[in-house]
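>>> sequence plus the predicted model coming up.
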Amino acid sequence: MHIGKFGNSFFKKKFYFWSNKTVIITGCTGFKGSWLSLVLKRYGATVIGVSLKPKNKKDLFVQANLKKKILYYDCDINNFQKVNKIFQKVKPDIIFHFAAQSLVIDSYKKKEETYKTNLIGSVNIIESCNNLNKKNTLLITTTDKVYKNNNKRKTFIETDKLGGSDPYSTSKAALEIICDYYLDIVKKSKFFSLCVARSGNVIGGGDWSENRLFPDILRSFYNKKVLIVRNPLSTRPWQHVLETLFGYLNLAEYNFKNKKYSGVYNFGPKKNSAISVLSVLKIVKKHMLSLKFSIKKNNLMYESKFLQLNSNKAIKHINFKQVWTLQETIYKTINWYYKSFKKQDAESLCLDDIKSFEKNY
């Protein structure tokens with residue numbers, strides 16, 4: 001893979017840290033996992049993916065041909081014996097745990113699978129890390145939805161009360177309580193360190209999941225169908241997937257070097273990037289004039305009206321920053337899909353965005 005010019009100081013710094021690291025990404029076939037695989041390959045890391053197979057041929061993991069570019073294990077994280085065996089074999093330095101049942105609507109339909117994967121599966125990953133007889137750092141991703149949300153336009157900080165309003169968010173809040181137990185273990189462990197990342201709504205090219213705003217927008221536009229909008233006034237902290245991933249990279253780097261950075265961190269955009277679905281659509285319409293949408297209120301399940309994260313802890317301690325404005329993020333996301341529809345190579349499109357992000361960091 002082309003890794004760019006070493007004249008880029010940001011690139012050089014990342015390459016220096018990651019080029020000698022063995023990294024496991026659980027959920028590597030998912031949206032975030034695929035992007036992170038490309039980022040870490042660019043920085044010379046040895047990337048091992050532990051995940052179920054991609055759901056369809058459109059998935060970024062397939063389009064970017066990642067199966068041939070990383071060491072991939074088709075593995076259900078609910079199988080502890082298999083997971084632990086992989087970890088003992090590859091002996092990772094850093095682990096990013098993304099694997100989850102992460103769709104809110106599916107969590108209503110698949111409650112048992114959601115709780116099993118998000119809790120038991122995650123414990124299997126944690127225990128496999130704790131069993132390693134070598135220094136290792138585990139970063140677990142949860143969600144901005146773990147907070148007890150009364151829709152009072154509160155900006156959440158890491159110490160706010162946890163809660164949940166659907167099977168997905170409650171499973172993630174329960175996982176956070178489990179992580180709290182393991183954070184105590186970390187203090188006594190010679191090798192193991194742990195950090196937890198809560199992020200907002202990520203967007204970017206290559207996401208084809210059902211019932212997510214931007215994949216639905218692009219499918220509707222491309223197929224010349226009316227977009228159905230469930231909750232137009234719901235406000236979310238929108239950010240490009242690279243914003244959160246580079247935040248995760250920073251956290252993993254800091255924590256690997258010093259266990260004092262173990263703990264929980266929010267990764268969200270600035271306040272002016274937390275806007276309603278309807279406001280997002282108005283920005284999108286500037287780039288997609290022919291897009292048509294219809295509002296069909298959702299009465300089948302609960303969704304929070306307002307979500308926003310305070311990321312001051314990550315900004316202060318691990319150099320987290322927002323690189324792109326919301327308008328830039330939306331444009332880059334739409335542009336990625338436009339070029340993809342014209343059969344441009346998915347990996348190249350991602351690398352263009354990664355290089356642009358590095359340049360502006």
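Now that the structure is in, tell me what you want to look at.

>>> please name the nearest non-neighbouring residue to Thr170.
Gly164 (3.1 Å; Cβ to Cβ, 6 or more residues apart in numbering). (Each C-beta comes from the backbone N, C-alpha and C, glycine too.)

>>> show me what contacts that neighbour?
Shown in contact with Gly164 (Cβ atoms under 8 Å, 6 or more residues apart in numbering): 145-146, 170-174.

>>> from memory Ser220 sits against Leu213, does it?
No. Ser220 is beyond contact range of Leu213, at 10.7 Å (criterion: Cβ atoms under 8 Å).

>>> longest single helix anywhere in the chain?
For the chain, the longest helix by residue count, based on DSSP state H, is helix 167-188.

>>> buried residues in that one?
167-176, 179, 182-183, 186 (16 or more other Cβ atoms under 10 Å).

>>> again with stretch 246-262
Buried residues in stretch 246-262 (16+ other Cβ under 10 Å): 246-256, 259, 261-262.

>>> tell me the one among the residues you listed nearest to Ser348.
Ser348 lies nearest to Phe246 out of these, by Cβ to Cβ, at 19.7 Å.

>>> how about that closest one, what does it touch?
Neighbouring residues of Phe246 by Cβ under 8 Å, 6+ apart: 39, 323, 357, 361.

>>> please enumerate the strands of the stretch 251-361 of the chain.
263-267, 274-276, 293-295 (DSSP state E, counting those that start in this stretch).

>>> with respect to Val90, which of the ones you listed lies nearest?
Taking Cβ to Cβ, strand 263-267 is the member of the strands of the stretch 251-361 of the chain nearest to Val90, at 26.2 Å.

>>> max-length strand in the protein?
strand 192-199 (DSSP state E).

>>> which of Ser220 and Leu213 has more residues huddled nearby?
Remark: of Ser220 and Leu213, Leu213 carries more neighbours, 21 against 17, as counted by other Cβ atoms under 10 Å.

>>> what's the spacing between the more buried one and Asn255?
From Leu213 across to Asn255, the span is 32 Å (Cβ to Cβ, to the nearest Å).

>>> can you report how many residues lie near the residue lying closest to Trp336 once chain neighbours are set aside?
Distances taken as Cβ to Cβ, 6+ apart place Gly205 nearest to Trp336, at 2.6 Å, with adjacent residues excluded. Gly205 has 26 neighbours, counted by other Cβ under 10 Å.
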